[in-house]
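Enquirer: sequence first, then the predicted structure, then my questions.
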Amino acid sequence: MNIVVCAKVVPDYEVPASDFELVNGRAHERFTRVIGLYDENAIEVGVQLKEKHNGNLTIVSYGREDDIPVLRKAIAMGGDKMILVIGQSDDPYVIAENLKMAIEKVGDVDIVLAGRQSADMDRGVVPGILAAMLGYTFVPQVTKIESLNGEWKVTQVTEKGVREIKGKGKALFSITDDPSNVPRIPPVRRILAAKKMPVEKLEEVKPTSMAVEELSVEIPKMEIKCEFLPTEDLKETARMLLKKLKEERYL
Amino acid sequence: MKTLIVEIVDPARLGELYTVSKFFGETPDLVALGKGEVPGGFGKVYQTEEILGANIIEPLADLIKSEGYEAIIFSSSTEGNSIASPLASLLSIPILPEVIGIEEGPVIKKPLYGGKAIATYKIETTPFIITVRRNCFEKEELKGKSETVPLETKDKKLELLAEREEKVEGIPLEEAQVVVTGGRGLGSADGFKMLKELADLLNGAVGASRGAVDEGWAPPQIQVGQTGKIVAPNVYFAIGVSGASQHLAGITNAKCVVGINIDEEANIFKRAKFGIVEDYKKVVPALIEVLKEEKV
Amino acid sequence: MRVPYWNIKYGFIIDLLAIPVIAIFIYGIYKHWKNIKNGKERIKIKNIPADIPKIGPIYTRPFVILGILGARLYRKLFTGIAHGFLFWGMFLLAIGTLLVFSNVILGIPVFKGFFNKFFMGFLLDLAGFLAIIGIVFFIVRRKFFPPERLTAIKERKDFLIGEGILAFILITGFLLEGTRISLTGPDPGSFIGNCISAIIGKPGLGVYKFLWWLHGLAALSFIAYIPFSPFVHIVLAPANTGLSTPLPGVKMGVVDIDIEEIEEEEEEELVLGVEKLKDFSWKRLLDFSTCLWCGRCHEVCPAALTGKELSPKRVIVTLAELVKNEKFEDSIFESIPSSVIYSCTTCAACLEACPVSINQPKAILRMRQNLLMEKSEIPEIMGRAYKSLENRGHPFFGTGFGKKDWCKGIDVPLFKKNETEYLLWIGCSIAYEERTQAIGRAMVNILKKAGISFGVLPEIRCTGDPAKQMGSEFLFTELAKENIELLNSLGVKKIITLCPHCYTSFVQYYPELGGEYEVIPHVVMIKRLIDSGAISVKQQSGKKTKITYHDPCYLGRHNRIFDEPREIISIMGELVEMKRNREFSFCCGGGGGNYWSEEEGTRINRERAREAFETGAEIITTSCPFCVLMLTDGLKGFTQEKKVFEISELVEENLIE
């Protein structure tokens, strides 16, 4: 079984709002580079699948060459091979096209996995676009996968609960977190092995981007000032609070 | 613009998307997913029993092409996420997900970096697809009933084997838009009964700080904080919670924190947007009473 | 005059039997040695001061004081005295027997004159008498009133066999003496023998001969029995204490896994941590073989005292049995579950308590290393902290603070190469936890007031200590080397630390990786500043505020710094000691990575907070940010008042302008 997991290196998603800074509309370069949170879940699912079916796992990424040391952590978790397409575009079509190119280099791929949403762009559209480009069936928000002879059953997490969905053939799943796919800490041996593994680097292709213009990116003002409400008439205060919450669209 | 909404038969979600469609001028058409009576107010309404995205994409694409829709609107829900992006690729059109604001243009706003930044985009061509975040737009009240035309779906790529609703004593903490958390300041397990009533009225979930869990007043499954659940609701009521940083670590992305604590120096007020310095035993019943009045 | 072998024909058979007995004894010791040899080479710790007295591999001071004199035993006064009676009693009696041999074989006149009366008569009788008191104490206590520490986990019941034989030897010895004296007349000096003789009247010669052989054979069989009984500690205990590295703390040493240079074959052989018995160093195996199951470690262990499954006695006893049964190839984790291993806070109270210098924390940490580095097994929350340390350089996942938040509002100088004297090392707990940010600010203000040339690094860095405690030598070495490279490039020579964990890393482990600096814990620095007059602290007069001090494990036990904080406190108030203080301090529960854990049973920090609270002191102070966090949390169960303050905060508040 040939499995591909798409992983993206992003700025640290745990940077607190009070410390967050933008330069030219993107996160400041000083933040630590890490693999996206859901991507790690996807890698874990991929490794579990590979171990169960004695398959082959390739990690594919579109991004910077400088991020290779970070990507090695993905390999350490259980990847056999790593392909990096070097590029910096944020456009989902460009990203998807490049990931497709890398996946085609891997050969006959049965399942592609990706995190449900990247931790920087907060979009979650690349997996679906990529699936359509590859002609693979797309199911998002998957936590568990069972596969047998080209037929598969997945567990999908919805707003209200879970769904069990069955399908067959080549598929792309976007993965969300679940106790069954907590990303493993790679044993030291694997970290050492991963440091030596060669990374295949590809030059990006440049298809047309979406006809969308980015006008601005801003940090919303952080209101740290607490508005203390009067306490003489608590019922009136309660009404006041609820009104304010609705006005500011919190409720 | 000729607008098409694709959504399940849920009045709240339909209401929000209807409001969004008003930015584009025309009365929107609707493709309703799943069974049920479709409320009125739309133009042409198609319906299919299918809710699994992969089964609907091709018929939808055909429909959009043949009818010439310009704005296609989904919610950022499981259904929306399953359909919108592969559909966009199939049609080679722009897609902007997780929309939280719209202006003339169309110019849309969406969050980046886990909500720490907001990006503004101008869409330059039609047709285009947007998916809209829940609870960001008013829910239009849709009256009456729509006549529907079936939407033909061809080969099923996916089969739904089972669907289970997880009722974990109300809404799961991490999904809830409103969370009401009790801390050591509650003084007893009984305090949580009061909080549950408040949470239920707000359609929210009840959480607990570590102090309350330590005292045995709440199970560890609802502990919010660094060593518990990380939640990001719209409103977070911190009641009798001192606001230790481990607790605050669980709510870094809560949009609006309301602190209710008898101690005006409590750390929670550094994080809260609204504060009430008073015994919660007096404040919470007042809130409950007012909410009950409003429901009537 | 006493005549040896008086009336015993063929008495020399006893002498001949001594030969096979000694052979059996040597064989028994050899068996232990063979088992112990299965262990690996010890890691060389390089920063042992050269002037510590040594004979070969044996460090003489601990060998004599702990090994021979058994100093630690006396912490429990009655046990210590009883053991002293028994050991020194038997020791003198053994010398006495050797002197008898020397008289028989070489004709040395020991039975004459003053020497006979004083030594051979009086002293040996006294020795035997005290030895009986000792052995009776041990037998009766173990059989009828055993303290919990002896029976906890497992009891070493075969002690009673050896004790019984010893008692038998002593009693038959006195009976024999009494019988002899009855038959030959009173012996000068032998006050007990004379007494016994008076009591037993005049038994026949046959009785005498019977007792003679009985006593002799019993004694010989005991000697042969020693290596196969717990009494082998006569040999192993002094050996173990003499071979223990005489440095404070756990002495983990450093494992330098250099990624670039590691060869294929080396990687195969590389065992990370300990999976099987034979992965331990031979010194650890000696530790386990020496253990007497006395349980003194168990009764000071914070985990054991708060209902966790961990007890150092459990760990060592289990391993000792594995050694005895020669299970060198079995996986240890079948006998010791990983949850037990992760409950350890590495406080080293067990190490401190052990009379025979067993290094329990080191054994536990070596197992932890295997769990984490080989098997990636780690409790969930600790795992999150570990991943955060790996990915973003600090373990405080979910922190709401950025790198500069701790010093918002105050001006902190940066360390400049060739200009600044001291580097003030801001550790992760100061930067990323709100309560402890105040400690950093307080120290900055104190240093500024004192006019000291100091600066901080532009980035917050972690020394790597949490990695080491959680079991990843790999991550520790990686972080340490990065830090050392940076510090050396900046020409840093002196470092002031705010956290004892940072201090321990710098002092105990960095030198071997190339980082040699003069490191001063902040509390010592403050004391120096006060002593030199650079700062002045308000002296309380009249009614003094009661202040109690919690010794942090990593400042106290691990580095033996106890006095400076107390001296500072005595200026500002009246020092009230908790019952468990100084090297006997009770852990706050935050060590060993357990700051990030959900504990079972009572929380350790609550236990310690209660102890502090019950002193009635108005202020509870300490000199470690983790202790501050743990005690503040633990105290919430007893009072809503804010009572826990760090020493630097108190000093800053009491500075005279």
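Expert: Yep, it's here.

Enquirer: could I get the full set of strands for the stretch 151-251 of chain A?
Expert: Taking DSSP state E, counting those that start in this stretch as the test, the strands found in the stretch 151-251 of chain A are A:151-157, A:161-168, A:171-175, A:200-203, A:212-218, A:227-228.

Enquirer: could you dump the ones you listed into JSON lines and include mean pLDDT and mean neighbour count?
Expert: All C-beta spots, glycine's among them, are computed from the backbone N, C-alpha and C. Putting those into JSON lines (pLDDT from 0 to 100; neighbours: other C-beta atoms under 10 Å in any protein chain shown) gives the following:
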{"stretch": "strand A:151-157", "mean pLDDT": "93", "mean neighbour count": "20"}
{"stretch": "strand A:161-168", "mean pLDDT": "91", "mean neighbour count": "18"}
{"stretch": "strand A:171-175", "mean pLDDT": "96", "mean neighbour count": "28"}
{"stretch": "strand A:200-203", "mean pLDDT": "96", "mean neighbour count": "13"}
{"stretch": "strand A:212-218", "mean pLDDT": "94", "mean neighbour count": "14"}
{"stretch": "strand A:227-228", "mean pLDDT": "93", "mean neighbour count": "14"}
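
Enquirer: can you lay out these as JSON lines showing distance to chain C?
Expert: Compiled in JSON lines, the strands of the stretch 151-251 of chain A are given as follows (distance: least, C-beta to the nearest C-beta, whole Å):
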{"stretch": "strand A:151-157", "distance to chain C": "20"}
{"stretch": "strand A:161-168", "distance to chain C": "22"}
{"stretch": "strand A:171-175", "distance to chain C": "18"}
{"stretch": "strand A:200-203", "distance to chain C": "21"}
{"stretch": "strand A:212-218", "distance to chain C": "19"}
{"stretch": "strand A:227-228", "distance to chain C": "20"}
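
Enquirer: phi, psi for residue B:278 please.
Expert: Reported as degrees, to the nearest 10, the phi and psi values for residue B:278 are phi -170, psi 160.

Enquirer: if I pick residue B:216, what's in contact with it?
Expert: residue B:189 (C-beta atoms under 8 Å, 6 or more residues apart in numbering or on different chains).

Enquirer: and it, that one's in a strand?
Expert: No: counting by DSSP: H, G, I helix; E, B strand; the rest coil, residue B:216 is not found in a strand; it is coil.

Enquirer: so the closest residue to chain B within the stretch 101-250 of chain A is in which element?
Expert: The minimum distance from the stretch 101-250 of chain A to chain B, using C-beta to the nearest C-beta, falls at residue A:128 (2.6 Å). Assigned by DSSP states H and E, residue A:128 belongs to helix A:126-134.

Enquirer: contacts for stretch A:38-54 next, please.
Expert: Contacts of stretch A:38-54 (C-beta under 8 Å, 6+ apart): A:1, A:3-8, A:35, A:55-57, A:59, A:74, A:77-80, A:111, A:113-119, A:142-145, A:147, A:173-178, A:181-184.

Enquirer: in PyMOL, select just the buried ones from those.
Expert: Remark: buried members of those, expressed as a PyMOL selection using 16 or more other C-beta atoms under 10 Å in any protein chain shown:
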select buried, chain A and resi 3+4+5+6+7+8+35+55+56+57+59+74+77+78+79+111+113+114+115+116+117+118+119+142+143+144+145+147+173+174+175+176+177+178+181+183+184
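
Enquirer: can you narrow the contacts of stretch A:38-54 to ones near chain B?
Expert: Contacts with chain B within those, as defined by C-beta under 8 Å from any C-beta of the partner chain: A:116, A:119, A:174.
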